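Engineer: With the sequence up front, the predicted model follows.
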Amino acid sequence: MMRRERDPMATLARKLRTVDYFTLSFGTMIGVGWLVVMDDWLSRGGPLGGVLGFALGGLALVPIGYVYGRLAMAMPDAASEIAYTGKVFPETVSYLTGWMMVLAYAIVCPWEAVAIGKIAAFIFPWLDRMPLYRIGGDTVYLPHLVIGLGLVAALTWLNCRGIRSSATFQNWMTFLLLALFALFGSFGVARGHLANLHPLFSHSGWVSVLLVLQIVPYFMTGFEAVPKCAEESAPEFRNRGFFHAILLAIIVGTVFYTAAIAVVGYVGHWPSLVKENFATAVAFERALGSRWIVSVIFAAALFSLVKVFNGNMVASSRLVFALGRRGMLAKWLGKVHEKNRTPAAAILGVGIVSAAAVLLGESILVPITEVGSLASATGWLATCLAYLVMRPGARQASVALLGALVALLLVLMKVVPAVPGHFSATEYLALGLWILAGLALRRRPRSA
């Protein structure tokens with residue numbers, strides 16, 4: 001049976017370099033959780049529990065990152081998990097894996113769009129006016145909606161323009177974030193006290209670490225964004241750059257998160273921060289007694305927010321594009337813009353869904369963290385198992401097996417009722433509705 005050749009006019013623009021892949025991966029991973037939900041991290045684990053949870057989580061993701069790096073080198077396909085699992089598993093497994101990873105990425109976009117309204121209101125309290133309605137105990141304000149929807153529209157437009165524009169934007173935002181983090185982090189180290197770190201854990205030691213470890217997949221999702229843009233590498237790009245970008249992003253991302261938790265715990269007495277909005281900013285303002293440091297922190301947060309939104313829009317739109325191109329979703333989603341060489345239809349689709357989700361307001365922040373963690377871990381598990389079935393060498397198989405076990409444990413932590421922090425009824429409902437939507441939208445591609 002002959003395979004249908006891909007239309008050469010339907011190819012994506014090839015303009016990405018190694019540094020672009022690093023900033024895409026790292027930038028997709030690091031959002032504003034270190035500012036917006038630091039109170040949740042500290043209440044889960046305390047300073048040492050938070051540091052150990054993210055450090056162990058980052059270390060555990062190295063074998064998974066290794067598998068993704070190897071597969072991206074061997075199969076540079078925007079479909080990534082869909083292509084990897086489709087090579088060895090039935091089409092249904094391939095589709096559901098891709099659909100879960102779409103959730104893992106696309107769910108971040110409304111998270112950031114809601115978070116920008118919350119951040120803006122902290123800086124300009126008058127934005128907490130004109131309440132429209134309440135969801136889950138949280139009020140949705142008109143100014144918040146306008147800001148969030150404006151961000152969705154702006155980044156949708158930027159991504160439709162071309163991958164080079166998106167990558168350049170991502171580079172600037174990523175390196176500005178790192179520079180500002182180094183600036184305010186150094187002031188925190190100079191003004192903090194060891195006594196602030198006590199008690200080291202919020203619960204018993206292992207429970208504290210476990211409660212943080214459960215959310216690490218959501219906040220570390222992004223290193224595997226690289227394969228989604230593998231088709232868009234510059235002609236001179238060497239495939240080993242995929243591997244290097246992924247592993248470097250995991251290392252730098254782990255250091256960033258652990259440093260953020262440690263510095264906040266060192267700067268301020270953390271039990272007094274767990275009920276504060278923007279605990280990171282509050283801790284620094286109290287320690288330095290000045291508002292300028294808060295301005296620096298919020299500037300870093302805004303850079304981080306827009307870059308993580310941008311990175312997740314890039315990754316999720318490529319997955320939707322790949323599903324459409326393979327005929328698993330509506331085929332129009334697999335179209336490439338004739339001039340800009342971008343998956344414009346898929347980008348618009350992600351933008352529309354993000355805008356709709358923004359209407360739910362702040363009530364979606366913590367549930368999104370939980371559901372996104374399970375979705376990511378599910379995709380990682382399927383990818384590692386697919387690599388094992390491909391029968392790589394003994395060393396590669398050992399690493400893939402370790403990665404599969406890590407991903408399986410991360411899944412079990414969310415679904416086994418005996419484990420503290422397991423899924424609630426609301427989170428199961430959200431996950432179930434997503435799976436049902438995927439089954440309803442699925443198309444069965446005809447044989448070539």
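Structural biologist: Cool, the structure landed.

Engineer: In a helix, Tyr133, correct?
Structural biologist: No. Counting by DSSP: H, G, I helix; E, B strand; the rest coil, Tyr133 falls outside a helix, being strand.

Engineer: quick one: the closest residue to it other than its chain neighbours and Leu127, what's the gap?
Structural biologist: Nearest residue to Tyr133, sequence neighbours excluded (CB to CB, 6 or more residues apart in numbering): Val140, at 5.5 Å. The way it works is simple: take the backbone N, C-alpha and C, and place the C-beta from them, glycine included. According to CB to CB, to the nearest Å, Val140 stands 12 Å off from Leu127.

Engineer: So for these two, which sits in the more crowded spot?
Structural biologist: Neighbours were counted for Val140 and for Leu127 using other CB atoms under 10 Å; Val140 has more, 21 against 18.

Engineer: helices or strands next to the helix or strand harbouring Thr426 in the packing?
Structural biologist: Thr426 is located in helix 425-441, with elements delineated by DSSP states H and E. When contacts are defined as 3 or more CB pairs under 8 Å, 6 or more residues apart in numbering; DSSP states H and E, helix 425-441 packs onto helix 91-106, helix 365-389.

Engineer: what ranges do the strands span in the protein?
Structural biologist: Remark: strands assigned in the chain by DSSP state E are 131-135, 138-141.

Engineer: Below-threshold pLDDT in the stretch 1-150 of the chain: ranges please.
Structural biologist: 1-10 (pLDDT under 70).

Engineer: circling back to that earlier point, okay, the strands of the chain in TSV with distance to Asp39 next?
Structural biologist: Below are those laid out as TSV (distance: least, CB to CB, whole Å):
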stretch	distance to Asp39
strand 131-135	20
strand 138-141	15
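
Engineer: Tell me which of those strands sits most buried.
Structural biologist: Per-stretch averages of neighbours, counted by mean count of other CB atoms under 10 Å, single out strand 138-141 among the strands of the chain, with a mean of 18.

Engineer: Now do that strand: everything it contacts.
Structural biologist: 117, 121, 127-134, 359-363 (CB atoms under 8 Å, 6 or more residues apart in numbering).

Engineer: so what strands line up beside that strand?
Structural biologist: strand 131-135 (antiparallel) (DSSP bridges).

Engineer: Name the surrounding residues that touch the strand it pairs with.
Structural biologist: If you take CB under 8 Å, 6+ apart as the criterion, strand 131-135 is touched by Thr139, Val140, Tyr141, Leu142, Leu145, Leu360, Gly361, Ser363.

Engineer: Could you do stretch 269-286 as well?
Structural biologist: Contacts with stretch 269-286, where a contact means CB under 8 Å, 6+ apart, come from 34-36, 38-39, 42-43, 46-47, 118-119, 122, 184, 187-188, 195-197, 199, 202, 260, 264, 267-268, 291, 293-294, 297-298.

Engineer: just the buried members of the residues you listed?
Structural biologist: In the contacts of stretch 269-286, burial by neighbour count holds for 34-36, 38-39, 42-43, 46-47, 118-119, 122, 184, 187-188, 196-197, 202, 260, 264, 267-268, 293-294, 297-298, counting by 16 or more other CB atoms under 10 Å.

Engineer: Next step: those restricted to helices.
Structural biologist: 34-36, 38-39, 42-43, 46-47, 118-119, 122, 184, 187-188, 260, 264, 267, 293-294, 297-298 (DSSP state H).

Engineer: Can you get me a residue count around the residue nearest to Arg44 when sequence neighbours are not counted?
Structural biologist: The shortest distance from Arg44 to any non-neighbouring residue, by CB to CB, 6+ apart, is to Leu211 (4.0 Å). A count of neighbours around Leu211, defined by other CB under 10 Å, yields 24.

Engineer: again with Leu323
Structural biologist: The number of residues near Leu323, taken as other CB under 10 Å, comes to 27.

Engineer: now it, nearest residue through space, not along the chain?
Structural biologist: In space, and not counting its chain neighbours, Leu323 is closest to Leu329: 4.3 Å by CB to CB, 6+ apart.

Engineer: Next one: Trp332 relative to Arg318, how far apart?
Structural biologist: From Trp332 across to Arg318, the span is 16 Å (CB to CB).

Engineer: Quick one: closest of the helices and strands packed on helix 425-441 to Asn310.
Structural biologist: Asn310 lies closest to helix 91-106 among these, at 11.7 Å (CB to CB).

Engineer: what's the closest one in contact with?
Structural biologist: 28, 79-83, 85-86, 218, 221, 225, 312, 315-316, 319-320, 322-323, 328, 350, 353-354, 371-372, 375-376, 378-379, 382-383, 434-435, 438, 442, 445.

Engineer: quick one: it to helix 365-389, angle?
Structural biologist: With axes from the mean of the first three to the mean of the last three CA atoms, to 10 degrees defining the directions, helix 91-106 sits at 140 degrees from helix 365-389.

Engineer: Which positions within helix 91-106 qualify as buried?
Structural biologist: For helix 91-106, a neighbour-count test (16+ other CB under 10 Å) marks 93-106 as buried.

Engineer: from these, which single one is nearest Trp206?
Structural biologist: Ranked by distance to Trp206 (CB to CB), those are led by Ala104 at 26.8 Å.

Engineer: give the contact list for Ile261.
Structural biologist: Contact analysis of Ile261 by CB under 8 Å, 6+ apart lists Trp34, Met38, Trp41, Leu42, Pro47, Gly50, Val51, Phe54.

Engineer: State the distance from the residue positioned nearest the centre of the chain to Gly31.
Structural biologist: For the chain, Thr221 is the residue whose C-alpha lies nearest the centre (CA atoms, centre = their mean; 4.2 Å). Applying CB to CB, the value for Thr221 to Gly31 is 10 Å.

Engineer: what does Pro131 give?
Structural biologist: Using CB to CB, Pro131 is found at 26 Å from Gly31.

Engineer: again with Ile119
Structural biologist: Taking CB to CB, one finds Ile119 at 11 Å from Gly31.

Engineer: who touches both of these two?
Structural biologist: Here Ile119 and Gly31 have Leu305 as joint contacts, going by CB under 8 Å, 6+ apart.

Engineer: Isn't Leu35 up against Ala301?
Structural biologist: Yes. Between Leu35 and Ala301 there is a contact under CB atoms under 8 Å: 4.6 Å.
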